[in-house]
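Chemist: Got a sequence here, can you model it:
(2 chains)
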There are 2 protein chains.
Amino acid sequence: MKQLNVGLVGLGTVGGGTYTVLARNGDEMARRTGVTVKVTHVADRNLARANELTKGAVAITDDAFALVANPDVEVVVELIGGTTIAKEVVLKAIENHKHVVTANKALIAMHGNEIFSAAQKAGVMVAYEAAVAGGIPIIKALREGLGANRIEWVAGIINGTTNFILTEMREKGLAYQDVIGEAQRLGYAEADPTFDVEGIDAAHKLVIMSAIAFGMPLKFDAVYTEGITKLEQTDLQYAESLGYTIKLLGIAKRTNQGVELRVHPTLIPAKRLVANVDGAMNAVVVQGDAVGPTLYYGAGAGAEPTASAVVADLLDVARLKDAEPLQRAAALGYQLNQVQDLPVVAIADINSAYYLRMHATDKPGVMAAVTKILADRNISIDAMLQKEHAASASGTDIVLLSHETIEKYMDAAITEIEALADVKGQVVKLRMETLG
Amino acid sequence: MKQLNVGLVGLGTVGGGTYTVLARNGDEMARRTGVTVKVTHVADRNLARANELTKGAVAITDDAFALVANPDVEVVVELIGGTTIAKEVVLKAIENHKHVVTANKALIAMHGNEIFSAAQKAGVMVAYEAAVAGGIPIIKALREGLGANRIEWVAGIINGTTNFILTEMREKGLAYQDVIGEAQRLGYAEADPTFDVEGIDAAHKLVIMSAIAFGMPLKFDAVYTEGITKLEQTDLQYAESLGYTIKLLGIAKRTNQGVELRVHPTLIPAKRLVANVDGAMNAVVVQGDAVGPTLYYGAGAGAEPTASAVVADLLDVARLKDAEPLQRAAALGYQLNQVQDLPVVAIADINSAYYLRMHATDKPGVMAAVTKILADRNISIDAMLQKEHAASASGTDIVLLSHETIEKYMDAAITEIEALADVKGQVVKLRMETLG
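Modeler: A predicted model of the protein is given here:
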């Protein structure tokens, strides 16, 4: 039987999982593909860890660049993470005409344009299914399964940490500050959770999906990113009472003005399937012009779920390593010479419906003043709620759901609302999506 | 640019949708694949319809076999349906060394073993993404995206008609007989709905997924099939009050005894994502040993959703038509010489939890007698509900949820329960799955 020689760089959580899955299911995979996928070389700075895992079965080195230069290695699996050494390893592997599989979303999001261009020149594959939504085969779905469609938008829960935190906040009525510690204890959040809770990790994944969906370059710097740290329990409850659930969504949408690329807490109708994706699970909704909405759900992280995607990429490499370029799916979904730069819509210019919450004195006329400010900007109101203020006995909470408008009009209205004498403090603004 | 010449056989709903999608999105697809996919030939018995759709742009015939013999056609898209002429057309196309794309689930389920064997001999591709769950790319997910996994089970809502009917029954409190007419009026059910409502269509799709998931031959005749026509509103309501939703599921599961292949109404926990898939939509849950559960959701029928899958297959053919056999994903997921016959577990021998409902006289001792009968067979009870009988003032309904047992033990217990003097009529038995 033919064999694919795999060089594994980095034996952390995902690297260990990849080694384990290949060892456990290698025979089953060979029945599927007719090829044996075998880890023949491993590189890890921790040689003891490498020895323990591989038990002398494979060649071990602590020098990633030695592995990448080894003529016996056909495909390099980069699982070290980060964007410095990982980038060098990947580019060196490509230069040495080796195929590359990586789970590194930051690397692809920030340096993918350069990497895919180098890969094309060298005639090698660079696969990265594990970089978005872990074990969910969303890259393959976007790139191949939905290839007949003009993709209109993609919206996803693509960060398990924040979805776990939001689920806990909703189910237990706790504040963000109360949940983050538990998430850290359970291993759902890192010691420094910034990357996750500020939406940066989700932005990495979103920008990768946007390139595949729309045939545009990776424009990570253009993604608008807003995390969940300022989200208040009050708003989760008001949203729920109005029939909505708040999720941190990554949204990529084609519009006449360009492409919207944004990550932020979003109210979505509670009856939507994606609104019911709880805990650390991920889900991506894709709207295609032919197929309509489809949804893909599964574990977005973890050793074996991520390894599932890494190994799926290895099976593609095993099949297509010697194929002609056009016989392989284009790395970013579109042929590189067909990638078209599309303008990214500034957040002030996006079109969205909004949730507003304000604290007002309980006097007649406040509501009239607020609604007039909105009406003056042609912002119409979809639903309204008035309730005794949550934190104090004085005054009321006014909650409004608007129809769609341009964000800058809403921002101008909010500035004016905040200037009203009877409105206390700042207006909370959240974006809404029907995903319908 | 390279071109793939497509011969389209059958211009009904899906054929028309396929033509439309290729015409509308052809340029976008060419940007992706570097190949132009073009319908060059069309065969339909209704030449007027063919003319109207294609407006002279392609060669038209009313003879499918002429199209299949045409040397200019590279891939035949079979969209006539049925298993007689369709089978001849497909086998003839293969014999003529043409690739085949089909949406015909009955054909693949019943004659797939023969068709794939012929295709392998001829060195051509036979693709059938549209045969299961319409526009959802579940075949590609099972075959490629989850290729790293040992698949443990697959469970799906894979018939839109029955899911629409069950959703209407639940939401409006109506009986099956009251909903089927509406489903027919809205086009969700055929004039003769037998194929859908008796679970046969779902069985076709299930058997296809089971072959890919487990590397076994297509064994359509071995699928246990039970439809929704006898399902009562009472049971939907009791299920809901116990935290469950009833869905018609197709279930394929590996066990130590063999493979379970069954289609039947199933209680599933209401909080599971798949329990919230409503209306005519489809969803498939796949449990892989590495990735855990993943779910795929979308439209399971309709012109353009189905066309989305047909055209995705054409894109695969465009890429891989001249590739080596091992460079293509194996048609049924496993290399043909690696397909292993697995025994299918008889329905009496499956392992399941059960929902039982019985009508009993309101006397002390009935419950004790019932529970003793179950206990004697080591069947333990998970939940119980006693309520005034729905239809009459006399007696009570007793509803029981059991833990897992072998079906024949449960059947024996039911026979004994029905023999009790204080139990009236038959016991209703439904299977339950946690899908956890």
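
Chemist: I'd say A:A50 and A:L11 touch.
Modeler: Yes. Look at A:A50 against A:L11 with C-beta atoms under 8 Å: they come within range, at 5.5 Å. Where you see a C-beta, it was placed from the backbone N, CA and C, and this is true even at glycine.

Chemist: so what sits against both of these two?
Modeler: A:42, A:44 (C-beta atoms under 8 Å, 6 or more residues apart in numbering or on different chains).

Chemist: secondary structure element for the closest residue to chain B within the stretch 301-436 of chain A?
Modeler: Per C-beta to the nearest C-beta, A:V311 is where the stretch 301-436 of chain A lies closest to chain B, at 3.4 Å. Secondary structure assignment for A:V311, by DSSP states H and E: helix A:303-320.

Chemist: on contacts alone, who are the packing partners of that helix?
Modeler: The contact analysis (3 or more C-beta pairs under 8 Å, 6 or more residues apart in numbering or on different chains; DSSP states H and E) places helix A:303-320 against strand A:2-9, helix A:13-33, strand A:35-43, strand A:75-78, strand A:99-102, strand A:126-127.

Chemist: Can the longest one be said to contact chain B?
Modeler: To tie it back to what came earlier, the one meant is helix A:13-33. Yes. Helix A:13-33 is in contact with chain B by C-beta under 8 Å from any C-beta of the partner chain, via A:17, A:21-22, A:24-25, A:28-29, A:31-33.

Chemist: Nearest to chain B among these?
Modeler: Nearest to chain B among the residues of helix A:13-33 next to chain B, with distances taken as C-beta to the nearest C-beta, is A:R31, at 3.9 Å.

Chemist: Enumerate every residue touching the residue nearest to the closest one when sequence neighbours are not counted.
Modeler: Nearest non-adjacent residue to A:R31, counting by C-beta to C-beta, 6 or more residues apart in numbering or on different chains: B:Q338, 3.9 Å away. Shown in contact with B:Q338 (C-beta under 8 Å, 6+ apart): A:31-32, A:34, B:215.

Chemist: what does A:Q3 give?
Modeler: Here A:Q3 is in contact with A:35-38 (criterion: C-beta under 8 Å, 6+ apart).

Chemist: which of these lies closest to chain B?
Modeler: Distances from chain B to the contacts of A:Q3, taken by C-beta to the nearest C-beta, are shortest for A:V35, at 6.6 Å.

Chemist: Pairing-wise in the sheet, spell out the partners of that closest one.
Modeler: Note on A:V35: beta-bridge partners by DSSP bridges are A:K2.

Chemist: follow-up on the earlier one: columns distance to A:A303 on top of the helices and strands packed on helix A:303-320, output as TSV?
Modeler: Shown next, in TSV, are these (distance: least, C-beta to C-beta, whole Å):
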stretch	distance to A:A303
strand A:2-9	13
helix A:13-33	3
strand A:35-43	15
strand A:75-78	14
strand A:99-102	16
strand A:126-127	19
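
Chemist: Secondary structure element holding the residue nearest to the residue of the stretch 301-436 of chain A closest to chain B when sequence neighbours are not counted?
Modeler: Using C-beta to C-beta, 6+ apart and skipping the chain neighbours, the partner closest in space to A:V311 is B:A148 (3.4 Å). Using DSSP H and E, B:A148 is not contained in any helix or strand.

Chemist: pLDDT wise, what is the residue of the stretch 301-436 of chain A closest to chain B at?
Modeler: For A:V311, the pLDDT comes out at 98.

Chemist: And A:N378, by the same measure?
Modeler: Taking A:N378 on its own, its pLDDT is 97.

Chemist: Name the SS class of it, please.
Modeler: coil (DSSP: H, G, I helix; E, B strand; the rest coil).

Chemist: What residues of stretch A:270-283 count as buried?
Modeler: Of all the residues in stretch A:270-283, those buried under the rule 16 or more other C-beta atoms under 10 Å in any protein chain shown are A:272-278, A:280-283.

Chemist: Report the entries of these that also contact chain B.
Modeler: By C-beta under 8 Å from any C-beta, the members of the buried residues of stretch A:270-283 lying near chain B are A:273, A:276-277, A:283.

Chemist: Farthest-apart pair in the residues you listed, please.
Modeler: Largest separation among these by C-beta to C-beta: A:N276 and A:A283, giving 9.1 Å.

Chemist: The spatially closest residue to A:T194 that is not a sequence neighbour - how many residues pack around it?
Modeler: Excluding the flanking residues, the one nearest A:T194 by C-beta to C-beta, 6+ apart is A:I200, at 7.2 Å. A:I200 has 18 neighbours, counted by other C-beta atoms under 10 Å in any protein chain shown.

Chemist: before we move on, the earlier item: which of the contacts of B:Q338 has the most neighbours?
Modeler: A:R32 leads those on contacts (other C-beta under 10 Å) with 24 neighbours.

Chemist: which residues of the stretch 101-250 of chain A fall in helices?
Modeler: A:105-122, A:138-140, A:160-172, A:176-185, A:194-197, A:200-214, A:233-241 (DSSP state H, counting those that start in this stretch).

Chemist: okay, and the helix or strand of chain A with the least pLDDT?
Modeler: strand A:381-388 (a mean of 92; mean pLDDT, DSSP states H and E).

Chemist: Need the residues that contact the helix or strand following that strand.
Modeler: The first helix or strand that comes after strand A:381-388 along the chain, using DSSP H and E, is strand A:396-402. If you take C-beta under 8 Å, 6+ apart as the criterion, strand A:396-402 is touched by A:234, A:238, A:242, A:267, A:353-362, A:366-367, A:370, A:374, A:379-390, A:410, A:432.

Chemist: let's see 6 Å
Modeler: A:238, A:353-358, A:360, A:362, A:379, A:381-387, A:389 (C-beta atoms under 6 Å, 6 or more residues apart in numbering or on different chains).

Chemist: Would you tell me which residues of the stretch 51-200 of chain A are close to chain B?
Modeler: Selection of the stretch 51-200 of chain A residues close to chain B by C-beta under 6 Å from any C-beta of the partner chain yields A:135-137, A:140-141, A:145, A:147-150.

Chemist: Are any of those residues buried, and if so which?
Modeler: By 16+ other C-beta under 10 Å, these give A:135-137, A:140-141, A:145, A:147-150 as buried.

Chemist: Sketch out the low-pLDDT regions of the stretch 251-400 of chain A for me.
Modeler: A:390-393 (pLDDT under 70).

Chemist: Next to chain B, which bits of it? Give me the list.
Modeler: Checking the stretch 251-400 of chain A against chain B by C-beta under 6 Å from any C-beta, the hits are A:273, A:276, A:290-292, A:294-295, A:297-299, A:304-305, A:307-308, A:311-312, A:315, A:319-320, A:323, A:326-327, A:333-335, A:338.

Chemist: what's the burial count for A:G123?
Modeler: A:G123 has 12 nearby residues by other C-beta under 10 Å.

Chemist: tell me the pLDDT at it?
Modeler: 98.

Chemist: and if you look at A:A43?
Modeler: For A:A43, the model assigns a pLDDT of 98.

Chemist: ok, now which ones touch A:I165?
Modeler: A:179, A:183.

Chemist: 8 Å instead, please
Modeler: A:176, A:179-180, A:183, A:188-189, A:197, A:228.
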